[in-house]
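Undergrad: Give me the fold of what follows.
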Amino acid sequence: MANGHRLVHSSSICVTSTDPPFSNFDFVDKQFGDVASIRRLFSQARSYGCRTVVIETIPATGVIAEDDAELSSLFTDFAAAGLRRLSFWKAPIKDEEELTSADPASLLGFAILKRDSVASRGVEAWYVFESVMVKYPHKHNCVRGASRFHVRLGGAEFDVSGVLYCQQNGLNKACAQVALRALLGTRKPDQCLSYRQINHWGFEGTADFQPWNGLSVPQIQRVLRGAGEGFFDIDYTDSTEPDRSDLPPYQKFIYAGIESGAGALLGFRLGGEGIESARRHIIPFFGHTFNQDAWVPHAETAYFHVGEETRYLPSQAWASSFIGHDDNFGSNFCVPRLYIDVEKADYVVELFRDGCAYSGDTAEAVAADYLYSILPELKGSELRWLHRLIAYVEQQKVVLRAISLTSRQYIRHWRNAKDWQGGMEDRALCQAIQPLLPRQLWMVEVSVPELFPANLRKVGEIVLDATALPGPERDFRLFVCARAPGRLLILSEVSPDGVPSFFPVPSRLQSHTPLFRGRI
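TA: Model prediction:
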């Protein structure tokens, strides 16, 4: 069974109340030693209102048995020195019987802790093989790609919704392997990607197999391709690239990966060391915080340029922090969006959702180009919000936000939307449009600066085919439809000289509607 290590029966269970005078520090010191990532788990649980911690001893099975086998092949003196499954609960639980019947809503998260011993390398310590904690319940903490993880706790099975966290052991997994497993393991939580498989993909055809040194850029690319993942990446240290000042900043691709629900990776240099001698680290990102009172988007005079005549405000300007894991410290940290100096950022990877052929950043640029092309089609109406949209486009102050959706997700979002007056779309129109949609699309939401952050609403959207690559020149091969107050535009034809014409359809949505805020 792929996720057998989560569902295996335990050989012993210890149920402990965390009510005062229980001390997290004393407990972790006694049970696991001074391990920052484990302290972080207990700290998170405490902040979420944890009242019970359950520790189970479990046998090595599934991917943990694979992990032990790989370690044994690498180090003749490897010994499996401990394996525990922890769970954290909001409810007071007295014993194993109460645990089996516990309220699933009370579960805050679980962790599997592993202790590896290799005397020849001076290693014997507990670490977090994997954990999943629920999202911090703040409305402005946005995590779009969380998954449900099934886990046996005591005599019953439970679900936890979150993002997988993994920690390196310096033996068969370093920061690159754990960052990849965190994101890829969250994408497919029941298939349980093993480190042996990650290392097989990364080091295939390589004579020098030293997984404790991590993975190079080509090896990370091989892992992603081996896993069947679509992605866009930039190696800022690649000497064949133009001056890095000409390349887009890493923040754009992290944000796009987060908003698509697939996540992103950022590799960076530590301290002030030079490129050649620097120590490096890589961490996964999967969420962001939203600051509706951000000043910068309003104050900037030089907005992001798509071309000489086309500007827009990217929605990432309102993101204060990216949410990610750092395996050295623990899970679910907020990293200020501009904290890591662009000169220290060496490598960024934006992961795509299944079926996507290009980046969310590209989708925004293409949508901006299309928006200016369809502007004449939006004129001639008395609707106030259509007039406002046109004015903001002409002032080059529209806000764009690319969201990757399936056609079914988009139709559901469109069908359930209510404008400010409570109007809803004609269901027959939604049903008629659905067959025209590709299986995977980019919905690029169009809003304005005063509406987007405060009301979390938009004036319309441009829908793009996400399954085909954009051409080098402007064309409308990716255009699916565009929605604005009072009308829907469907591409009719493109003339030989590249001029598009559209078929307008009346829409019942007469003003602004809510942004997409669902989990993907």
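Undergrad: quick one, what contacts the closest residue to residue 215 other than its chain neighbours?
TA: Spatial nearest neighbour of residue 215, excluding adjacent residues (Cβ to Cβ, 6 or more residues apart in numbering): residue 176 at 3.9 Å. C-betas here are computed from N, CA, C, even on glycine. Counting by Cβ atoms under 8 Å, 6 or more residues apart in numbering, residue 176 makes contact with 202, 214, 215, 219, 220, 267, 282.
Undergrad: burial measure for residue 421, as a count.
TA: The number of residues packed near residue 421 is 8, by other Cβ atoms under 10 Å.
Undergrad: Would you agree it is in contact with residue 510?
TA: Yes: assessed by Cβ atoms under 8 Å, residue 421 is found in contact with residue 510 at 6.4 Å.
Undergrad: ok, back up a step: helix, strand or coil: sort out the residue nearest to residue 215 for me.
TA: Three-state call for residue 176 (DSSP: H, G, I helix; E, B strand; the rest coil): helix.
Undergrad: With residue 5 instead?
TA: helix.
Undergrad: Nearest residue to it in space, please, no chain neighbours.
TA: In space, and not counting its chain neighbours, residue 5 is closest to residue 62: 4.1 Å by Cβ to Cβ, 6+ apart.
Undergrad: now residue 493
TA: Distance criterion Cβ to Cβ, 6+ apart; nearest residue to residue 493, sequence neighbours excluded, is residue 501 at 5.6 Å.
Undergrad: so that neighbour touches residue 495, yeah?
TA: Yes: with contact defined as Cβ under 8 Å, residue 501 counts as touching residue 495 (7.4 Å).
Undergrad: Looking at those two, which one has more neighbours?
TA: residue 501 (11 against 8).
Undergrad: ok, the nearest residue to residue 253 once chain neighbours are set aside - how many residues close by?
TA: Spatially, and ignoring its direct neighbours in sequence, residue 253 is nearest to residue 350 (4.0 Å; Cβ to Cβ, 6+ apart). The tally of other residues near residue 350 (other Cβ under 10 Å) stands at 28.
Undergrad: Residue 261 is in contact with residue 350, correct?
TA: No: using Cβ under 8 Å, residue 350 is not in contact with residue 261, being 11.8 Å away.
Undergrad: picking up where we left off before, the contacts of residue 176 in helices, which ones?
TA: Residues of these located in helices (DSSP state H): 202, 219, 220.
Undergrad: Neighbour-wise, which one of those residues leads?
TA: residue 220 (26 neighbours).
Undergrad: re earlier: TSV please, covering the contacts of residue 176 and showing pLDDT and distance to residue 343.
TA: Below are the contacts of residue 176 laid out as TSV (pLDDT from 0 to 100; distance: Cβ to Cβ, whole Å):
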residue	pLDDT	distance to residue 343
202	95	27
214	95	21
215	95	23
219	96	24
220	97	21
267	96	14
282	96	17
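Undergrad: Redo the residues you listed as a markdown table? Include distance to residue 251.
TA: Converted to a markdown table, these look like this (distance: Cβ to Cβ, whole Å):
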| residue | distance to residue 251 |
| --- | --- |
| 202 | 26 |
| 214 | 23 |
| 215 | 23 |
| 219 | 25 |
| 220 | 19 |
| 267 | 14 |
| 282 | 16 |
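Undergrad: Just flag the most distant two among those.
TA: Using Cβ to Cβ, the pair of those lying farthest apart is 202 and 267, separated by 14.3 Å.
Undergrad: Return the helix or strand in this protein with minimum mean pLDDT.
TA: strand 305-307 (a mean of 51; mean pLDDT, DSSP states H and E).
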